[in-house]
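**Q** whatever this is, show me its structure:
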Amino acid sequence: MKHFDRLQLESRLPAFLVYHVANGEAEHPSADLVVTEDAIRKSCPRRALQRARAGKRINQGYVDLVFVTAATNRKFAAFDYFWILEADVDYAGVWSDFFAHYENSQSDLLATQIRGRSDDPDWFHWRWFKAPPNFEQVVAFIPAGRLSRRLLKAYVKETRKKLWGGHYEAIFPTVALAYGMGIEDMRASGQFSRGPENAPVDDLSFGYRPFRAESYFHEDPQAFPAANMLYHPVKAFD
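**A** Numbering: from 1, shown residues only. Below is the predicted model:
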């Protein structure tokens, strides 16, 4: 909780702890919103069915079921943009400095490592991805990212159709591009980058593997070699 408390204190943005519980599990006592399996089935019925048929866990390409269900809850109806930060994302600095880099961006999707299918044909999850014919297929890395409400609405609408399936990190940017929405790589370089030259995200600190630290920044700042950078995955839990 101290990790989230620091984010809430430093971000200067409304911050909410969203917690997913499977059937029969105990709820998190400090969660602002608990996302249940019943709520998921109501908000994302076809995606929930696809996951059940595939026998996959939430963290196997279906994290969207949690944050889409949360973001479309009426509790958050006043918000036009949503930052998604998984528990193993941390910032080696003051969180408000990180968000300040992107406060003027109006892009519907902020993420990292955004690339087309032809640029990365060997991405493992293409094999089970499905999109409407003639859609330009794009994938992003989204353990941290920002979504607009209009992208969320388009995503919910599209994924209720049989034409879609697979990993959410390909569905989101593909839907955004198909609808003519803005997609932006948070890094300083890349095909979709519009970011600042001193962007606080790069592939050295923020990636899929290896683990970047075993402690959160508030516990051990020295474990983070570059200051004012976003880190993932940070496998520490307090």
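
**Q** how about Tyr62, nearest residue that isn't a chain neighbour?
**A** Nearest non-adjacent residue to Tyr62, counting by C-beta to C-beta, 6 or more residues apart in numbering: Arg51, 4.8 Å away. C-beta: built from backbone N, CA, C; applies to glycine.

**Q** for that neighbour, which three-state class applies?
**A** Assigned by DSSP: H, G, I helix; E, B strand; the rest coil, the conformation of Arg51 is helix.

**Q** can you check the pLDDT for the residue most central in space within the chain?
**A** The centroid of the chain falls nearest to Ile142 when counting by C-alpha atoms, centre = their mean (3.8 Å). What the model reports as pLDDT for Ile142 is 97.

**Q** how about it, secondary structure?
**A** strand.

**Q** ok, it touching Gln113?
**A** No. With contact defined as C-beta atoms under 8 Å, Ile142 does not reach Gln113; the gap is 9.2 Å.

**Q** correct me if wrong: Ala71 contacts Leu147.
**A** Yes. Assessed by C-beta under 8 Å, Ala71 is found in contact with Leu147 at 7.1 Å.

**Q** all helices of the protein, in order?
**A** Under the criterion DSSP state H, helices of the chain are mapped to 2-10, 37-43, 45-54, 64-71, 95-100, 149-159, 168-178.

**Q** got the contact list for the nearest residue to Phe4 once chain neighbours are set aside?
**A** Spatial nearest neighbour of Phe4, chain neighbours left out: Leu17 (5.3 Å); criterion: C-beta to C-beta, 6+ apart. Each residue near Leu17 by C-beta atoms under 8 Å, 6 or more residues apart in numbering is listed here: 4, 28, 30-33.

**Q** and the furthest pair within these?
**A** Of all pairs drawn from the contacts of Leu17, the widest gap by C-beta to C-beta lies between Phe4 and Leu33 and measures 13.0 Å.

**Q** pLDDT weak spots in this protein?
**A** Applying pLDDT under 70 to the chain picks out residues 23-27, 195, 237-238.

**Q** out of the contacts of Leu17, which are buried?
**A** Among the contacts of Leu17, the ones that count as buried by 16 or more other C-beta atoms under 10 Å are 4, 32-33.

**Q** from those, which single one is nearest Leu177?
**A** Minimum distance to Leu177 across the buried ones among the contacts of Leu17 is 29.4 Å, recorded for Leu33 (C-beta to C-beta).

**Q** show me what the closest one is bridged to.
**A** For Leu33, the beta-bridge partners are Val18 (DSSP bridges).

**Q** ok, it - contacts?
**A** 16-19, 70, 73, 75.

**Q** let's see that with 7 Å instead.
**A** Neighbouring residues of Leu33 by C-beta atoms under 7 Å, 6 or more residues apart in numbering: 16, 18, 70, 73, 75.

**Q** how many residues are close by the last one?
**A** Other residues within reach of Lys75, judged by other C-beta atoms under 10 Å, total 12.

**Q** now it. Nearest residue, chain neighbours left out?
**A** Among residues not flanking Lys75 along the chain, Leu33 sits closest, at 6.3 Å (C-beta to C-beta, 6+ apart).

**Q** same question for Asp97.
**A** Nearest one to Asp97, counting by C-beta to C-beta, 6+ apart, is Asn228 at 6.3 Å.
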